[in-house]
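Student: Give me a model of this one.
(chains A and B)
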Number of protein chains: 2
Amino acid sequence: MSKPIRFALLGCGTVGGGVAELVARDGTYLARRIGAPLELAHVLVRDLGKVRRDVPASLVTTDAERVLSDPSVDVVVEVMGGEEPAGSYLERALRAGKSVVTANKALLAVRAPSLLAAANEHHADLAFEASVGGAIPIVRALRDHLVSDWVRSLRGIVNGTCNYILTRMRDEGASFTEVLRAAQELGYAEAEPSLDVDGHDAAHKLCVLALLAFGAVVRPDEVPTEGIRAIEPIDLRFAARFGYAIKHLAVGRETRGEGGPLLDLRVHPALVPARAPLASVDGVLNAIALEAEGAGAQVLVGRGAGALPTAVSVVADLVDVARARRAGVSGLLTEGLDVARRPLAPARAQEAIWYLRMRVLDRPGVLAQIAGALGQSSVSIEQMVQEGGSGRRASDSDDDETRVIVMLTHSASERDVRAALTVIDALAFVRAPSLALRVEQ
Amino acid sequence: MSKPIRFALLGCGTVGGGVAELVARDGTYLARRIGAPLELAHVLVRDLGKVRRDVPASLVTTDAERVLSDPSVDVVVEVMGGEEPAGSYLERALRAGKSVVTANKALLAVRAPSLLAAANEHHADLAFEASVGGAIPIVRALRDHLVSDWVRSLRGIVNGTCNYILTRMRDEGASFTEVLRAAQELGYAEAEPSLDVDGHDAAHKLCVLALLAFGAVVRPDEVPTEGIRAIEPIDLRFAARFGYAIKHLAVGRETRGEGGPLLDLRVHPALVPARAPLASVDGVLNAIALEAEGAGAQVLVGRGAGALPTAVSVVADLVDVARARRAGVSGLLTEGLDVARRPLAPARAQEAIWYLRMRVLDRPGVLAQIAGALGQSSVSIEQMVQEGGSGRRASDSDDDETRVIVMLTHSASERDVRAALTVIDALAFVRAPSLALRVEQ
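Tutor: Sure, this is the predicted structure:
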């Protein structure tokens, strides 16, 4: 057996602790698969005071310089999160020829291209299975398995917090605010939930997926992004009545533009048919559905977060890059991967079937005015349901004078739908901003 | 870029043609990912007369010796199928230090251990993604991604023919024989269907999965195997009424014996809850559901067969082993993989909830005798439905005098259930052999 492969852990929170635990538990087997033992060299933390299982206290440090300047470190495993200082640390490690394993989607979303370039230039490996989909092997599926295939579209449930909240809202009829609070108490949502519930985390992950699936370099701020705050229990109920589930999705697909293929990328809640594979992916599970030219339809489902599920993906990468390091052939994982800027589809021009929900005063002629506004924007109604009004309540949060109008449209562009809703929401009898959600077939 | 990696194709049917097509189409990109171009060296076939797209006629030969003795061949890609001569060819290739890619589950099911040993001894790679689940990346998921995890159980829909037939039987209410004939006409079933519909192909695949998931060397003849010939449309209908789908499954799980852990492996049709992920996997799709200690639940769904779906998996392996070959580090893919004989659980002792279906003459006292026989074997009934008799027909194939009795039991061992059915099927009023299917929760 070769001399040990030494790795440094940057960060030792939930995931880092899981990595240390798995490496300590399975060290002998991992050494056989690598051809060399793994040796934990340093653990960089912010707070020396915390007790850490599976980590000798002598290895724990707050001194990044000491870790990054150690020439005996072969692999840097980054599970600290955040764009900086993680990004600088990893650039420096790669430039020193060290291989890098990272779970950091926020960093990769903005700096994957420069990190990949550094890895290639310095013959180091850059592996990031844990950055999307937790325990789901989606990175190696896209990077290695579909190497001779073309991904035409992908739809992912990639934020476990959103999926957990929507699932409980559906099952309990509870409001977003109530379920968010419960999720925060259970540790399924952060105290500052915006990154998750406003869709930014999913947009980061979509950027990573787009890189591998479409070879596309995209910044998160280029991805039209919506969260789930506007969803109400009544929407989940109406969606079910129409034969759909509501899921928060990251969507990427190739579409045709006048000058050639365009990439349509978006993050938003959407209606998916009740029988579609994604519809039954509930709670904290994540899933990614792909449509590839050769392989056809694929769906991968698994735990999207959590200490061990994420650590399993990190350790799989660690074994890959450590084995390559031992064999003296680092840098092959992502060598030759084509990534480039690609033209994006104008989001508001994309057509879809829409679910629309409006809250109006119970007055004669309301529906005619709404239908008129939709018609003026060329949005035609496929089916419509009204609830409430005339002394009945559509939902607990409504009064006896409020009607909820819900409809599915025929195919229409977002531009036209938003234009119609701007007109509608300015009408005197409209009581609250209307909601528009795409149907993803 | 390095000198070309030369590969030989053994077999050029549906899958082999797909491999040649993908390599021809994506050669430039694959060369960048490998660091060397792929070069087709030989195509071994049985019939020189057939026209083959994407394959130069000068490379096609029926002379195995010429292919196997060529020292310039780096990789042998075997897509001919069958245990022999494929097995001898691959042993020989590995002993000559060539890497091997194979889609041959029938061969791997019986000779994977000796092929793995030959690969390790001669520092060659043995890759077999396409042997199970077609386009589903299950081999790399088990081999690479779950390297630091322990699989507790797996359930797979791994035979597309069975799944296609059961799906059409459910949707059309048609008999096994009718749907088999239609499937044969469409090319979804072989003229000699036994390998598929009697479960042998699934047993081969389960042996491959058991090797990777449990490190277990198992022969197909050790796997209790049942096919789908005994399933009738009425069973699919009753299963749905009880809240289940019927799927043909390959099942593997760790269970506890008195002397330590045992491996419970089986292939049979079973009832799965309608909301379980496998229940909605229809038609020619395959799926594998895993339960792993760290990663938790995972489900991978995709095309289980077909030229391009299978070829995508073969080419992924080809790129892996060609890249290693180019870098001079072949043999790492499966190095250190622990495989050994493992004690198997006695199949008939395993407990399950059972679906039982009996056909009896419409006479007084019948149910009492059946209940008595079950009770004597300690099998207790959880719920029961009778149809037909008294001039009504339970199904098209029954007469007015036949009652169909269907029940779900409480948990009972297969031994006890079979003992009870032996007694029941000997009763004078029983018109046809009874059916017993497990419920897989």
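Student: near chain B, which residues of the stretch 101-250 of chain A?
Tutor: Residues of the stretch 101-250 of chain A lying near chain B by CB under 8 Å from any CB of the partner chain: A:129, A:135-137, A:140-141, A:144-149. In short, each C-beta sits where N, CA and C put it, glycine included.
Student: Name the pair among those with the greatest separation in space.
Tutor: A:Ala135 and A:Ser148 (25.8 Å; CB to CB).
Student: quick one: which of those two has more around it?
Tutor: A:Ala135 (31 against 28; other CB atoms under 10 Å in any protein chain shown).
Student: beta partners of A:Gln383?
Tutor: Beta bridges link A:Gln383 to A:Leu408 when assigned by DSSP bridges.
Student: mind checking which helix or strand A:Val55 is in?
Tutor: Under DSSP states H and E, no helix or strand contains A:Val55.
Student: In contact with it: list those residues for me.
Tutor: A:9, A:12, A:17, A:20, A:40, A:43 (CB atoms under 8 Å, 6 or more residues apart in numbering or on different chains).
Student: Strands along the stretch 101-250 of chain A, start to end?
Tutor: A:126-127, A:151-157, A:216-217, A:244-257 (DSSP state E, counting those that start in this stretch).
Student: now, of these, which is deepest in the fold?
Tutor: Ranked by mean neighbour count under mean count of other CB atoms under 10 Å in any protein chain shown, the strands of the stretch 101-250 of chain A are led by strand A:126-127, which reaches a mean of 26.
Student: next one: it to chain centre, how far?
Tutor: 19 Å (CA atoms, centre = their mean, to the nearest Å).
Student: in its sheet, what does it sit against?
Tutor: Strand A:126-127 is paired, per DSSP bridges, with strand A:99-102 (parallel).
Student: on that earlier part again, turn the strands of the stretch 101-250 of chain A into a markdown table, columns for mean pLDDT.
Tutor: Output for the strands of the stretch 101-250 of chain A, formatted as a markdown table (pLDDT from 0 to 100):
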| stretch | mean pLDDT |
| --- | --- |
| strand A:126-127 | 98 |
| strand A:151-157 | 98 |
| strand A:216-217 | 97 |
| strand A:244-257 | 95 |
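Student: Redo those as CSV? Include distance to A:Pro343.
Tutor: Shown next, in CSV, are the strands of the stretch 101-250 of chain A (distance: least, CB to CB, whole Å):
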stretch, distance to A:Pro343
strand A:126-127, 26
strand A:151-157, 17
strand A:216-217, 9
strand A:244-257, 7
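Student: What is the burial count for A:Arg237?
Tutor: 17.
Student: actually A:Arg431, not the one I wrote
Tutor: 16.
Student: who touches A:Asn332 in this structure?
Tutor: Quick fix: residue A:332 reads Leu, not Asn. A:Leu332 makes contact with A:125, A:324, B:35, B:323, B:327, according to CB under 8 Å, 6+ apart.
Student: Can you classify it by secondary structure?
Tutor: What DSSP: H, G, I helix; E, B strand; the rest coil gives for A:Leu332 is coil.
Student: Just the helices from chain A, written as ranges.
Tutor: A:14-34, A:64-68, A:86-95, A:105-121, A:138-140, A:160-172, A:176-186, A:194-197, A:200-214, A:233-241, A:307-327, A:366-376, A:414-425 (DSSP state H).
Student: Okay, angle between the last one and helix A:366-376 too, please.
Tutor: Per axes from the mean of the first three to the mean of the last three CA atoms, to 10 degrees, the angle that helix A:414-425 makes with helix A:366-376 is 150 degrees.
Student: buried ones in helix A:414-425?
Tutor: A:414, A:416-417, A:419-421, A:423-424 (16 or more other CB atoms under 10 Å in any protein chain shown).
Student: Considering only those residues, which also neighbour chain B?
Tutor: Of these, not one also sits near chain B (CB under 8 Å from any CB).
Student: quick one: which of the residues you listed is nearest B:Leu154?
Tutor: A:Glu414 (42.4 Å).
Student: Distance of that closest one relative to B:Leu22?
Tutor: Shown here: A:Glu414 relative to B:Leu22, a distance of 37 Å by CB to CB, to the nearest Å.
Student: Take the helices of chain A and lay them out in CSV including distance to B:Pro261 and mean pLDDT.
Tutor: Shown next, in CSV, are the helices of chain A (distance: least, CB to CB, whole Å; pLDDT from 0 to 100):
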stretch, distance to B:Pro261, mean pLDDT
helix A:14-34, 16, 96
helix A:64-68, 40, 97
helix A:86-95, 41, 98
helix A:105-121, 37, 97
helix A:138-140, 29, 98
helix A:160-172, 31, 97
helix A:176-186, 33, 96
helix A:194-197, 39, 97
helix A:200-214, 37, 98
helix A:233-241, 43, 97
helix A:307-327, 20, 97
helix A:366-376, 63, 95
helix A:414-425, 55, 97
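Student: follow-up on the earlier one: tell me which of the strands of the stretch 101-250 of chain A sits nearest to A:Ser69.
Tutor: In terms of CB to CB, the element of those nearest to A:Ser69 is strand A:126-127, at 20.2 Å.
Student: Need the nearest residue in space to the closest residue to chain B within the stretch 251-400 of chain A, chain neighbours excluded.
Tutor: Nearest to chain B in the stretch 251-400 of chain A, going by CB to the nearest CB, is A:Gly336, at a distance of 3.3 Å. Closest residue to A:Gly336 apart from its sequence neighbours, by CB to CB, 6 or more residues apart in numbering or on different chains: B:Arg32 at 3.3 Å.
Student: next one: A:Ile381
Tutor: A:Met407 (5.1 Å).
Student: I figured the one you found hits A:Ser380, correct?
Tutor: No - the pair A:Met407 and A:Ser380 fails to qualify as a contact (CB atoms under 8 Å) at a distance of 10.1 Å.
Student: Between these two, which has more neighbouring residues?
Tutor: For A:Met407 and A:Ser380, the more surrounded residue by other CB under 10 Å is A:Met407, and the numbers stand at 21 against 12.
Student: that older thread, now for the residue of the stretch 251-400 of chain A closest to chain B, how many residues are close by?
Tutor: 17.
Student: Same question for A:Ser377.
Tutor: 19.
Student: can you pull the pLDDT of it?
Tutor: The model reports A:Ser377 with a pLDDT of 97.
Student: likewise the one 3 residues further on?
Tutor: The per-residue pLDDT reported for A:Ser380 equals 96.
Student: Contacts only, for it.
Tutor: Contacts of A:Ser380 by CB under 8 Å, 6+ apart are A:374, A:409-410, A:412.
Student: From A:Ala373, how far off is it?
Tutor: Counting by CB to CB, the gap from A:Ser380 to A:Ala373 is 12 Å.
Student: and what of A:Ala289?
Tutor: 35 Å.
Student: before we move on, what about A:Phe242?
Tutor: Counting by CB to CB, the gap from A:Phe242 to A:Ala373 is 22 Å.
Student: got the contact list for the residue most central in space within chain A?
Tutor: Residue closest to the average C-alpha location in chain A (CA atoms, centre = their mean): A:Ala202, at 3.0 Å. A:Ala202 makes contact with A:156, A:158-159, A:162, A:225, A:248-250, A:267 under the criterion CB under 8 Å, 6+ apart.
Student: closest to chain B among those residues?
Tutor: A:Gly156 (14.1 Å).
Student: doesn't A:Ala203 make contact with the closest one?
Tutor: No - using CB under 8 Å, A:Gly156 is not in contact with A:Ala203, being 11.4 Å away.
Student: shared neighbours, the two?
Tutor: With CB under 8 Å, 6+ apart as the test, A:Gly156 and A:Ala203 both reach A:Ala250.
Student: Report the rounded mean pLDDT for stretch A:388-408.
Tutor: In the prediction, stretch A:388-408 has an average pLDDT of 88.
Student: Show me what it is in contact with.
Tutor: A:175, A:232-235, A:238, A:242, A:353-362, A:366-367, A:370, A:381-387, A:431, A:439.
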